[in-house]
Structure formats: structure tokens, C-alpha cells
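Engineer: Build me a structure from this.
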Amino acid sequence: MPNQPSTPDAANERLARTLCCAVDGAGKPRHQVAREAGMHKDTLLRVIRGERPITLGEAARILEACGAPVRATLALVLAGHEALAAQWMHHEMGAFLDEFFAALPGELHEALGDRIGDLRPRWAIGTSRLVARMLSKHIDEFADRDLSLAMSR
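Structural biologist: Modelled structure (predicted):
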């Protein structure tokens, strides 16, 4: 999965498959997606078949026309998580990641300040696990609170 080849052709193929999933899950005709993305329908078809290279800007316009979270979907595909990109693009998780990726750099900069230079890449995996566990605990606490409120009525 994340260790897929990172050649331009392989990346374009992954992106094409992901865009095909986005278009298929958009709930609108392909010609409408193409129009909203500012491209000809035949161009869109060649792109989602992997017959034509695509720029990130074009991919972003297609994803936006499909109602998929652009930042999260592109980040997942580029990181080699094509299956998760396809699974989450029309799900709340995709929207969550989109907002998370948008907010994270600013929050890191504000929280770490001058200590940014002290970060080590080897800490990334452990930090991601910590964040995932914190989110899971947070969701559980919300569910427990909702259940408590419902039972007290």
C-alpha cells in the first residue's frame, strides 16, 4: 500500500483510478463533472482511464466537481493510500482529513514555534498513532455523553 512504486506513471495510474472512483461516486453524469471541472468530456474520460497524464490542478478541479475533499484525497493518493482515498472521499472521514490537513501546519507552527527544528522524522509514526488514539477516545467520550443524556430523559 504505502510502499507502491513512486514513478510518475505509477502515480498517474493511481490518481486516474481514484478520479474514476470520484466520478463514479459523484451522483451526476460525467459530462456534468467534466463541465464543472472546466474540461471536455472526452478529456475527462481519457484522464480517468489513465490514457492521459493529469496535473494536480486538473485533478483538484475534478475532485471538487465530484464533491470530494481535494486536499485529503490527493494527499492520500500521493502517499500511496489509494484504497483509503477511494473509501473516504465520499465519507465524513475524507472531510475530516481535509480540514485536518488544512489546519495542521498552522497549529504545529503556533504550538511549536522555535522548537520546530527539534522535531525528528522518526517521531512521525508514533505521533500519528497518538493522534489516532486521542481521536478514538474523544469519539468514545462523546458517545458516552450522548448515551447518558438520552438515558436521563
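Engineer: Val77 against Thr18, yeah?
Structural biologist: Yes. Judged on CB atoms under 8 Å, Val77 makes contact with Thr18 at a distance of 5.0 Å. The way it works is simple: take the backbone N, C-alpha and C, and place the C-beta from them, glycine included.
Engineer: Are there residues contacting both of those two? Which ones?
Structural biologist: In terms of CB atoms under 8 Å, 6 or more residues apart in numbering, Val77 and Thr18 are both contacted by the residues Ala85.
Engineer: Report how many residues lie close to the nearest residue to Leu112 once chain neighbours are set aside.
Structural biologist: Using CB to CB, 6 or more residues apart in numbering and skipping residues adjacent in sequence, the residue nearest Leu112 is Leu119, 7.2 Å away. Using other CB atoms under 10 Å, Leu119 has 12 neighbouring residues.
Engineer: Tell me where the model's unsure across this structure.
Structural biologist: Within the chain, the ranges that satisfy pLDDT under 70 run 1-6, 147-149, 152-153.
Engineer: for the residue nearest in space to the middle of it, what are its contacts?
Structural biologist: Taking CA atoms, centre = their mean, the centroid of the chain lies closest to Ala72, which sits 2.1 Å from it. Contact analysis of Ala72 by CB under 8 Å, 6+ apart lists Ala85, Trp88, Met89, Gly94, Ala95, Phe96, Leu97, Asp98, Phe100, Phe101.
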